[in-house]
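Asker: I would like the atomic coordinates for the input below:
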Amino acid sequence: MAEPRGNPSWSKGMASPNPGGWPKNRFEFAKTVAEATKGGLAMIKVALHILLSDGEAASDRLRAAEFLCDRMIGKAPQVIELHATVKPDLSKLSDQELEAYHALAIKALPAPEEPK
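Answerer: Prediction:
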């Protein structure tokens, strides 16, 4: 069974725990930071200073490098492995659909190995 989604202490029909929705000024913070740092340039300069300074701790230099790389080339994608077994109900398919399904399955499956 799937895990329940959302807030477990809130159920359908109850008053919303956030009746106003998202704050109306949620983009104001980003705009203010961008203006104060010349579009983020000041933050980049600080990170570069930390990265290139021998006097900084190795952990701070590494974090500065991560910060710069994340913004330069983007964060690395996170891989999530999923192991699932799907058992389709083939009785719901017409003969024509079954033939198409069979053809696709043969095309998609790897060829059987030759016996040794």
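
Asker: contacts for stretch 75-89?
Answerer: Counting by Cβ atoms under 8 Å, 6 or more residues apart in numbering, stretch 75-89 makes contact with no residue outside itself. C-beta: built from backbone N, CA, C; applies to glycine.

Asker: Give me the distance between the two termini of that stretch.
Answerer: Using Cα to Cα, to the nearest Å, one end of stretch 75-89 lies 40 Å from the other.

Asker: next one: phi and psi at A103?
Answerer: Phi and psi for A103, reported as degrees, to the nearest 10, are phi -60, psi -40.

Asker: Quickly note the distance from it to V86.
Answerer: Distance of A103 to V86, computed by Cβ to Cβ, to the nearest Å: 18 Å.

Asker: So for the two, which sits in the more crowded spot?
Answerer: A103 (10 against 4; other Cβ atoms under 10 Å).

Asker: Need the pLDDT of the more buried one.
Answerer: On pLDDT, A103 comes in at 92.

Asker: next one: E3
Answerer: 66.
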